[in-house]
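Engineer: Model the structure of this input:
(2 chains)
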Number of protein chains: 2
Amino acid sequence: MPQAQSPTSRQSINLAQKASLIDQRWSPRVVAEMNEYQFKVVRIEGEFIWHSHLETDEAFLVIEGNLRIDFRHGSLYVGPGELYVVPRGVEHRTAAEGEAKLLLIEPRGVLNTGHEGGERTAKNDVWI
Amino acid sequence: MPQAQSPTSRQSINLAQKASLIDQRWSPRVVAEMNEYQFKVVRIEGEFIWHSHLETDEAFLVIEGNLRIDFRHGSLYVGPGELYVVPRGVEHRTAAEGEAKLLLIEPRGVLNTGHEGGERTAKNDVWI
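Structural biologist: From the prediction side, this is the model:
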């Protein structure tokens, strides 16, 4: 499994280009690692399921489009070039009205559906 | 010290706007935390000093401009929307011919000059 890029690879990672290679929505793909953390790109459209991650915060950086994050008591929008960190344990639901391309940053091993499971759980640790 | 944003703050972070608030170059400013990691924005121009971080990888995401990362055996360029992770222990020097605005991601407590010290060591853990 690839670790952090080696300096001999000497290739920067274009996030929009990597995201455009993914053939289905809601399927995060790993593009790089930093220590025990992973950088994942994902294409989304529509609404995900409510979930939380009890053991970790989760960072979202929008590459293209607009991300809506719903909480039980309100929502926020994250636009291109914007960052938001969902604190651990906070129930949330990601959504996008058109397609959005996102960068997720979280520890290796975190599932997209948290502890909810179900059919929308994506295969983990798939690189692109 | 602020932890990861609380959901009650409900404010996404515009990285370019945050970087534009910094009044001097080579002075990283923290904009968010994710677990024990920090997201820092920085404005750079010219060349930094050679250094390495023995205990951690270091991620660079370019917001505006072009980042050059020099290694002892070559260089690479990282453009807007691109990511590169410098592996732990690898000597590197960041540079930009015009101004570049960057997002750094690394564990809390990492100094910009690694173990080199000296006058270019920025005050750590300053938020903006």
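Engineer: can you map out the strands along chain A?
Structural biologist: For chain A, the strands defined by DSSP state E cover A:13-14, A:29-34, A:37-47, A:58-64, A:67-71, A:74-78, A:82-86, A:93-107.
Engineer: want to throw these into CSV with mean pLDDT and mean neighbour count?
Structural biologist: Where C-beta positions appear, they are placed from N, C-alpha and C, glycine not excepted. Compiled in CSV, the strands of chain A are given as follows (pLDDT from 0 to 100; neighbours: other C-beta atoms under 10 Å in any protein chain shown):
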stretch, mean pLDDT, mean neighbour count
strand A:13-14, 98, 19
strand A:29-34, 97, 22
strand A:37-47, 98, 21
strand A:58-64, 98, 23
strand A:67-71, 97, 19
strand A:74-78, 96, 16
strand A:82-86, 98, 23
strand A:93-107, 98, 19
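Engineer: Now render the ones you listed as JSON lines, adding distance to chain B.
Structural biologist: Below are the strands of chain A laid out as JSON lines (distance: least, C-beta to the nearest C-beta, whole Å):
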{"stretch": "strand A:13-14", "distance to chain B": "5"}
{"stretch": "strand A:29-34", "distance to chain B": "4"}
{"stretch": "strand A:37-47", "distance to chain B": "6"}
{"stretch": "strand A:58-64", "distance to chain B": "5"}
{"stretch": "strand A:67-71", "distance to chain B": "5"}
{"stretch": "strand A:74-78", "distance to chain B": "4"}
{"stretch": "strand A:82-86", "distance to chain B": "4"}
{"stretch": "strand A:93-107", "distance to chain B": "7"}
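Engineer: Can you pull up the most central residue in chain A?
Structural biologist: residue A:104 (3.1 Å; C-alpha atoms, centre = their mean).
Engineer: right, and it touches residue A:40 too?
Structural biologist: Yes. Assessed by C-beta atoms under 8 Å, residue A:104 is found in contact with residue A:40 at 4.4 Å.
Engineer: Quickly list what's touching both of those two.
Structural biologist: residue A:28 (C-beta atoms under 8 Å, 6 or more residues apart in numbering or on different chains).
Engineer: Name whatever forms a beta bridge with the residue nearest to the centre of chain A.
Structural biologist: Residue A:104 has these beta-bridge partners by DSSP bridges: residue A:40, residue A:60.
Engineer: Can you give me the distance of it to residue A:77?
Structural biologist: Remark: distance between residue A:104 and residue A:77 (C-beta to C-beta, to the nearest Å) = 17 Å.
Engineer: so what's the closest residue to residue A:83 other than its chain neighbours up against?
Structural biologist: Closest residue to residue A:83 apart from its sequence neighbours, by C-beta to C-beta, 6 or more residues apart in numbering or on different chains: residue B:13 at 4.5 Å. By C-beta under 8 Å, 6+ apart, the contact set of residue B:13 is A:82, A:83, A:84, B:5, B:31, B:32, B:39.
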